[in-house]
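> sequence and predicted model, in that order:
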Amino acid sequence: MNLPDTQKMEDAHLARYYARKPVTIIRGTGAMVYDEKGGEYVDCTGAYGVCIVGHAHPKVARAISSQAKKLIACHGSTYNDARALFASKLSAILPTELNRLFLSNSGAEAIECAIKIARKSTGRRKIVAVKGGFHGKTHGALSATWDAKYRKNFEPLVPDFVHIPFDNSEIAKETITNDTAAVLVEPIQGEGGIRIPSKEWMMLLTDLVHDAGGLLLVDEIQTGFGRTGRMFASEHVGIKPDVLCLGKGIASGLPIGATIAAEDTIASLSVGEHTTTFGGNPVVCAAGSATIDVLLEERLVDNSRKVGEYFKAGLLDLMGAHRIMREVRGLGLMLAVEMRFDVHQILINALNEGVLMLDAGRNVLRFLPPLCIRTNQVERVLAVLSRTLEREELAKLPS
Ligand SMILES: Cc1ncc(COP(=O)(O)O)c(C=O)c1O
């Protein structure tokens, strides 16, 4: 099948809910992906932050294949060996107090569960979220997501969600009161443009919600699993979640979400109150176990920190040469460049030169490559970016 067939077939049958890039990806290895003509790309999207250990990692592929030959479907109402192993491996890398997990199929679902735990365990309704935050697009998660473009056509959303300004202590103090069930926060805002809050503010949110008798729900769906150069980004900002939400890369791209809390907290939901047909699927769990093994064996969290520092330094160097760049932000391999203009054309030009990048809002370029990316691949990204920025500058800025 050639290129036009693939794109025409998808366009003929699928809902047009995604802004598509004109590329058909059919294969990947490590930090590289390939189109059907053999064109290669350094993948700085990581399939939206999902590809943690590298594309089609042989150990993950083997684990999926051997589990698929053994058992594909097993509902949570019966026990399963692959699920048990994954639960114990995941627990071993979590903070010790977070010792029970609920498995679902996406980040948004992990958030839905966290909201229900908070409301039921406190007997309260108010959830305090943050302006600029993103938590998914199902109705509960969307009620916590900030951006009006996702929300406005679906109101009324779930009641009793309020949004406080990012990094603002005064309004946090006024808003987090003893009717608050929970504060829901990303340790680094991802879709909001890779924004790192101050440690002081995150500690304040923790103190305020605990003094009020509510829970701290931490969304590490994008930041977790080594993305920021630590296993969890909460470590950078010194917070301890009461409920931790994970998703994206924890099964290397098979659908998964996890809502994790201490025994007493998670037990506030009783049997049958929150389940999902596919949660804890054996094939997904086998992929998850292999992902954790590779993450640890290949020391990818260290690589994320080291190569991330190299990448960030390279971006800062470029900033010295390009007036079109406004700010470089991020930690580990969760990086962004805020531009003075819309980044759409930059993304297309970079794609044409063999680099896939993401945006995060209109004028922010975002980089979420697999954590196994090497410095020579980062150099290639920086060289393409530099050329692309030169062209944009000529087009957009008077000399
Ligand atoms: C921080 C954060 N929370 C939640 C979600 C929603 O995850 P999903 O798209 O798997 O529902 C995302 C997805 O980008 C995210 O970045």
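Right, received. Where do you want to start? Residues are numbered from 1 along each chain as shown.
> nearest residue to the one residue in the stretch 51-200 of the chain that gets nearest to the ligand other than its sequence neighbours?
Closest residue of the stretch 51-200 of the chain to the ligand, C-beta to the nearest ligand atom: Gly107 (2.2 Å). (Glycine included, C-beta is placed from N, CA and C.) Ranked by C-beta to C-beta, 6 or more residues apart in numbering and with sequence neighbours excluded, the top spatial neighbour of Gly107 is Gly247, at 3.3 Å.
> around the ligand, pick out the residues from the stretch 101-250 of the chain.
Proximity of the stretch 101-250 of the chain to the ligand is confined to 106-108, 111, 134-136, 186, 190-191, 219, 221-222, 247 under the rule C-beta under 6 Å from any ligand atom.
> next up, the contacts around Ile72.
Asn281, Pro282, Val283 (C-beta atoms under 8 Å, 6 or more residues apart in numbering).
> now with 10 Å, please.
Asn281, Pro282, Val283, Val284 (C-beta atoms under 10 Å, 6 or more residues apart in numbering).
> any idea how far the first one is from Ser198?
Just to be clear, that refers to Asn281. From Asn281 across to Ser198, the span is 39 Å (C-beta to C-beta, to the nearest Å).
> neighbour count for the two, which is higher?
Neighbour comparison, Asn281 and Ser198: the larger count goes to Asn281, with 28 against 12 (by other C-beta atoms under 10 Å).
> need the contact list for the more buried one.
Counting by C-beta under 10 Å, 6+ apart, Asn281 has contacts 67, 71-76, 80, 82-83, 103, 105, 251, 254-256, 287-288.
> and with 8 Å instead?
Counted by C-beta under 8 Å, 6+ apart, Asn281 has contacts Ile72, Ala73, Cys74, Leu254.
> buried ones only from those residues, please, as a PyMOL command.
This is how PyMOL selects the buried members of the contacts of Asn281, with burial counted by 16 or more other C-beta atoms under 10 Å:
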select buried, resi 74+254
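> which of the contacts of Asn281 sits closest to Arg151?
Proximity of the contacts of Asn281 to Arg151 (C-beta to C-beta) peaks at Leu254, which lies at 28.9 Å.
> return the distance of that closest one relative to Ile64.
Leu254 is 7 Å from Ile64, by C-beta to C-beta.
> what residues are shared contacts of these two?
Val283, Ala287.
> in the contacts of Asn281, find the pair that's most separated.
Across the contacts of Asn281 (C-beta to C-beta), the longest gap, 14.5 Å, separates Cys74 and Leu254.
> from Leu269, how far off is Ala118?
From Ala118 across to Leu269, the span is 11 Å (C-beta to C-beta).
> actually Asp293, not the one I wrote
Asp293 sits 30 Å away from Leu269 when distances are taken as C-beta to C-beta.
> what sits against Leu365?
Ala336, Val337, Met339, Val343, Ile346, Leu347, Met357, Leu358, Asp359.
> ok, and the most crowded of the residues you listed?
Most surrounded of the contacts of Leu365: other C-beta under 10 Å gives Val337, at 29 neighbours.
> now name the helix or strand holding it.
strand 334-339 (DSSP states H and E).
> which other residues reach that strand?
49, 188, 190, 193-194, 222-223, 227-228, 233, 308, 311-312, 315, 319, 324-330, 346, 360, 363-368.
> mind giving me the PyMOL command for buried ones among the residues you listed?
The PyMOL command for the buried members of these (criterion: 16+ other C-beta under 10 Å) is given here:
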select buried, resi 49+188+190+193+194+222+223+227+228+233+308+311+312+315+319+324+325+328+329+330+346+360+363+364+365+366+367+368
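> looking at the contacts of strand 334-339, which are in helices?
Among the contacts of strand 334-339, the ones falling in helices (DSSP state H) are Gly49, Gly308, Phe311, Lys312, Leu315, Met319, Ile346.
> for the helix or strand hosting Tyr41, name the packing helices and strands.
If you go by DSSP H and E, Tyr41 is part of strand 40-43. The contact analysis (3 or more C-beta pairs under 8 Å, 6 or more residues apart in numbering; DSSP states H and E) places strand 40-43 against strand 32-35, strand 355-356, helix 375-396.
> what is the mean pLDDT for that strand?
Across strand 40-43, pLDDT averages out at 98.
> now stretch 268-288
pLDDT averaged over stretch 268-288 gives 98.
> roughly how far out does that stretch sit from the chain middle?
Put simply, stretch 268-288 sits 20 Å off its chain's centre (C-alpha atoms, centre = their mean, to the nearest Å).
> alright, calling it a day.
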